[in-house]
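*Asks:* Got a predicted structure here, sequence first:
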Amino acid sequence: MDKFNPAIGTEGPYPLFDHSKLLELAATKMPFGKFQGRRLVDLPEHYVVWFAGQGFPPGKLGDMLRTVYEIKVNGLEYLFEKL
């Protein structure tokens, strides 16, 4: 199974990132539910936090939503402003 993880290894004290994974995350849309069709990075924080409490779906979508959760709770949304 291809887990979604933008970190691809380490070199020195900092992880290396696969930027294509972040671009994929920025382009992926929610496939179901109240916010169907909205980009994952544009989902309301309360919705992503709800998923964190209820459990993320299995597979790649769950991994991507988990990444969005970490981005939102750590105030890193600016990473996607120009994408």
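*Replies:* Thanks, I have the structure now.
*Asks:* which element is Leu22 on?
*Replies:* helix 19-27 (DSSP states H and E).
*Asks:* For stretch 25-45, buried residues please.
*Replies:* For stretch 25-45, the neighbour count (16 or more other C-beta atoms under 10 Å) marks 25, 28, 30, 39-41, 43 as buried. The way it works is simple: take the backbone N, C-alpha and C, and place the C-beta from them, glycine included.
*Asks:* what's the offset of whichever helix or strand comes after the helix holding Leu22 from the middle of its chain?
*Replies:* Proceeding N to C from helix 19-27, the next assigned helix or strand is helix 45-54, under DSSP H and E. Between the centre of helix 45-54 and the centre of its chain there are 12 Å (C-alpha atoms, centre = their mean, to the nearest Å).
*Asks:* for the record, mean pLDDT for helix 45-54?
*Replies:* For helix 45-54, mean pLDDT is 95.
*Asks:* Identify the residues contacting it?
*Replies:* 34-35, 57, 65-66, 68-69, 72-73 (C-beta atoms under 8 Å, 6 or more residues apart in numbering).
*Asks:* before we move on, what about stretch 64-81?
*Replies:* 4-6, 22, 25-26, 28, 40-41, 43, 45, 48-49, 51-52, 56-57.
*Asks:* need the contact list for Gln36.
*Replies:* Applying C-beta under 8 Å, 6+ apart to Gln36 gives the contacts 29-30.
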